[in-house]
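Colleague: need a 3D model of the following:
(chains A and B)
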Amino acid sequence: MGMLLLALFCASNLVHSQDSATVLGDDVTFDADFGFGDDLFAEPGTTDETDSSTSGFVARWLDHFTVRLSQQVSGQINNHGVDLGSFGSFPRQSELETNRFGINLRYQNPFAPGWLLQGSAQYRVYWNEDYEYRANGDSIETEGRVNELFIQRSFATQSFKFGRQTVVWGETVGNSVLDVINHVEFRDFSIIDIEDARLNQWMLVWDYFGSDNSSRLSTFLNLYPEFNPAPVRGSPLFFDPGYNLPDYDRNEKVLLEAGTQYQLSFEGSDISFMAAYLFENQLRYEPPLPGMQDANPDINDFLLLGFSANRAIGRLLLNFDLAFSHNVLADSFNFPGTTSLAAPVNLRKDQIGTSFGFEYGIDNEQNISLGIQAQTLLDANEGLAPGQMLANDGVFGSWLVRYSNNLSNGDLVLSSTLQGDLDANSLLALVGVDYTMDDNWSVSAQLMGIAGSSDSPLIVFDEDVRLSATLSYSF
Amino acid sequence: MSAARKLIPLLFLLGASTGVSQEMTGREIMERVEDFQLATSDSAFNRMQLSTCRFGISDNRITCAERPRVKALESVSKNYGDEGKDTKGITIVLEPAAERGIGMLSYSYDDAERDNETWLYLSALGRIKRIASGNSDDDSEPASVFGSEFSTEDTDTGKLEEYEITLLEETTEAGRAVWKIEMIPNEERARKSRYSRTVSYIDQERWVPLKVEMYDQYGTEIKRLLASRVEEINDVWMARSLTMMNLVSNRLSNMAILEIHLGVDVEDEFLTTRTLTDVAFREAELQELRSQVD
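Modeller: Residues are numbered from 1 along each chain as shown, chains lettered A, B, ... in the order given. Model prediction:
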């Protein structure tokens, strides 16, 4: 709370400007050499380009690192009760949920003409009262992960990238029916945007560019498809089903995903056609056999055909995505660990979906966007037993509104996000403040509220209010 | 906003050692300045540093009263179109660390019927993002250039027909003989402009604005631009250090052109969206540009 108040205080001071202008004399001067003495543009690693020693070589390579240190604190601040109807009710107390220190590393080194080595990694330390700390028996927990790590070779009209990376399809930013290639992890409410939730996978990506780079054929081969991780025990999103949710056992099977996208750019518009063979990111769990503790995860492969387009008209950018999925599991849930007890098993169907929306530049500082995603299963009732229903019946989907306002030449950013489902059974509202104090330090704060009806899985978070703050240092 | 296009014309003002007729009007002088700017923004490759700070004044010297915010940029641009008035440019942020790697590609069209095009690449997006920006030359409020005190209005000297231009006098500025020229926007331009009047001091020999005073609707000077380190590079006179002072907020931004190359052979394929995402391609092309000038 203190950090939020500090941020708002600094913001209010920033936006306030003096009423009268300073009167300058006619002969005031400014240092003509200002900025010319800095070594900001020293070629990375050229602290001494002639240094052929091992230390010089290492120094040149280390210069390409970017480091961000952060401390995040967040918690649920509203004491209330959660009413689950026939399942009873339980109290929700205000409590600290996250208290963690993070190190994010990013590395980008074009080490030779036409070559690039890029990677990123993160390391977390979970302090007292963080849910990871509590889940670890009230002791400090740590976690590290390599995110991106790939090497790129680019020449003439072609580019090859091999390693851990993401492939993002779709124009409707943050809410596209085509953004299904990389798996995601929404571990807790500190991550609600898909841009932050995507996880990298081992892929080979080949891009072929048209003669004037106005077209591109991009093909990927996912060498090790991965699946959405189960919620971490202790996380606000974790629900104990009474049994374990293990990873999928490949049992030495080789799984591959592949896809291709052809993109064309025109003046004011871009269009893409895509096709892919994929595995659904969400594992489907069957309850364990009697006497067993582990659920049985299963995977499902499907074919995806897609089309996307955008059109810029003045300050307005229109977006449109269309997806046809062949052979998806009809009763798949986005909430891992749950199965629809009323739905038939192993029922595969075709699904068509669209996402569309717009982005509008209100002025040079303010931007608003809206994205709507809607999907429906084709021949939904085919194969159902009398009285049975699908978990996703009719048209289902979500909507997303984002607004941002850049103040003080971009040092202060106010933002808000609203998202919900098309059935109006749930709503998530978030307001955020990001303040850049100087070239290294920044602070951010967010306030989020959730509403969920009894028809939504978010009922368990109904009336939750979360407050978070993050202090970051980058160099 | 076409940052590359907006930044470069202000900096690359062609010097001319030819004599000037005493009969030139203010409009003729500014038209010639604009012609020189356009000619020298073509096929340009530069690195610049934008520093912003709160300032103070001591003994008539302006200094930063705090540690400045520094942004390092690298940009390449090229003119297109029948009259060379359309510009394509790409700008990459090198510093600060939190913004390192952000890339922006912009296509700016002189034709008012064509919307400018801008693309942004942020690693968090995972893809290139087209930005709806409209035609910022005509129908938008001026935008801050990369968060500095420079605005798109400050760096764009086009649309002279929208101004009443008067040669006030010949005087001296920083020891140089200059024309003192007043520009007042017409009614249509005034609606979009923050300045009711600007006074420019143009070096008579080098055609470089050494000082520009900008006034609000009440006649109060609200911004001042100072140019220094005027140097001849590749037979072109240019100010390599520009300082914009906001007299209301008491903040200044200094634009230092640390490296500049004109007349380089920029491949059309470089000024495309591929350059934003294909870092290996981008760096290889930039090395090729650097090799042209070495």
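
Colleague: hey, let's count contacts and neighbours off CA atoms from now on
Modeller: Fine.

Colleague: burial of residue 236, as a residue count?
Modeller: Went with chain A since none was named. By other CA atoms under 10 Å in any protein chain shown, 16 other residues sit near A:Pro236.

Colleague: um, chain B though
Modeller: Neighbours around B:Val236, by other CA under 10 Å: 18.

Colleague: tell me the bridge partners for it.
Modeller: B:Ile233 (DSSP bridges).

Colleague: any idea how far B:Glu113 is from whichever residue of the stretch 301-450 of chain A sits closest to chain B?
Modeller: Residue nearest to chain B within the stretch 301-450 of chain A (CA to the nearest CA): A:Gly314, separated by 3.8 Å. A:Gly314 is 10 Å from B:Glu113, where distance means CA to CA, to the nearest Å.

Colleague: swap in B:Ser200?
Modeller: From B:Ser200 over to B:Glu113 the distance is 31 Å, taken as CA to CA.

Colleague: what of A:Glu143?
Modeller: Going from A:Glu143 to B:Glu113 by CA to CA gives 54 Å.

Colleague: which of these two has more neighbours?
Modeller: Taking neighbours as other CA under 10 Å, A:Glu143 and B:Glu113 compare with A:Glu143 leading, 11 against 8.

Colleague: hey, where'd the helices end up in chain A?
Modeller: For chain A, applying DSSP state H gives helices covering A:2-15, A:54-62, A:131-135, A:194-197.

Colleague: now do the shortest one: everything it contacts.
Modeller: Counting by CA atoms under 8 Å, 6 or more residues apart in numbering or on different chains, the neighbours of helix A:194-197 from elsewhere in the structure are A:174-175, A:184-186, A:191, B:124-126.

Colleague: okay, buried residues for it please.
Modeller: Neighbour-count burial for helix A:194-197 flags A:194-195 (criterion: 16 or more other CA atoms under 10 Å in any protein chain shown).

Colleague: may I have it as CSV, with CA atoms only?
Modeller: Provided in CSV are the C-alpha atoms of helix A:194-197 (Å, rounded to 0.1, in the frame of the first residue of the first chain):
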residue,chain,number,x,y,z
ILE,A,194,-1.3,-13.8,-22.3
GLU,A,195,1.8,-11.8,-23.4
ASP,A,196,3.3,-12.5,-19.9
ALA,A,197,1.9,-16.0,-19.6
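
Colleague: so for it, mean pLDDT?
Modeller: For helix A:194-197, mean pLDDT rounds to 86.

Colleague: again, but for the first one
Modeller: The average of the pLDDT scores along helix A:2-15 is 43.

Colleague: for the stretch 301-450 of chain A, which segments count as strands?
Modeller: For the stretch 301-450 of chain A, the strands defined by DSSP state E, counting those that start in this stretch occupy A:301-313, A:316-329, A:348-361, A:366-377, A:395-407, A:412-421, A:426-436, A:441-452.

Colleague: each with direction, which strands does the fifth one pair with?
Modeller: When you say that, I think you mean strand A:395-407. Strand A:395-407 sits in its sheet next to strand A:366-377 (antiparallel), strand A:412-421 (antiparallel), going by DSSP bridges.

Colleague: now the angle from it to strand A:348-361?
Modeller: Angle of strand A:395-407 versus strand A:348-361, following axes from the mean of the first three to the mean of the last three CA atoms, to 10 degrees, is 20 degrees.

Colleague: what's the spacing between the nearest residue to B:Asp265 once chain neighbours are set aside and A:Gln446?
Modeller: Nearest residue to B:Asp265, sequence neighbours excluded (CA to CA, 6 or more residues apart in numbering or on different chains): B:Ser43, at 6.4 Å. Counting by CA to CA, the separation of B:Ser43 from A:Gln446 is 45 Å.

Colleague: pull the number of nearby residues for A:Glu252.
Modeller: Count around A:Glu252 with other CA under 10 Å applied: 6.

Colleague: no wait, A:Ile372
Modeller: Residues near A:Ile372, counting by other CA under 10 Å, number 24.

Colleague: now the strands for the stretch 151-294 of chain B?
Modeller: Going by DSSP E, counting those that start in this stretch, the stretch 151-294 of chain B shows strands at B:163-173, B:176-185, B:197-203, B:209-215, B:221-233, B:236-246, B:251-261.

Colleague: can you list the strands paired with strand A:395-407 in CSV and add mean pLDDT?
Modeller: Shown next, in CSV, are these (pLDDT from 0 to 100):
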stretch, mean pLDDT
strand A:366-377, 94
strand A:412-421, 95
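
Colleague: which residues does B:Lys180 contact?
Modeller: By CA under 8 Å, 6+ apart, the residues touching B:Lys180 are B:167-171, B:199-202.

Colleague: buried subset of the contacts of helix A:194-197?
Modeller: Neighbour counting over the contacts of helix A:194-197 (16+ other CA under 10 Å) leaves A:174-175, A:184-186, B:126 as the buried ones.

Colleague: residue numbers of the stretch 1-150 of chain A in contact with chain B?
Modeller: Within the stretch 1-150 of chain A, the positions adjacent to chain B are A:17-23, A:25, A:27-36, A:40-41, A:66-68, A:110, A:112-116 by CA under 8 Å from any CA of the partner chain.

Colleague: hang on, I meant the stretch 251-400 of chain A
Modeller: Counting by CA under 8 Å from any CA, the residues of the stretch 251-400 of chain A close to chain B are A:267-268, A:312-317, A:359-361, A:363-365.
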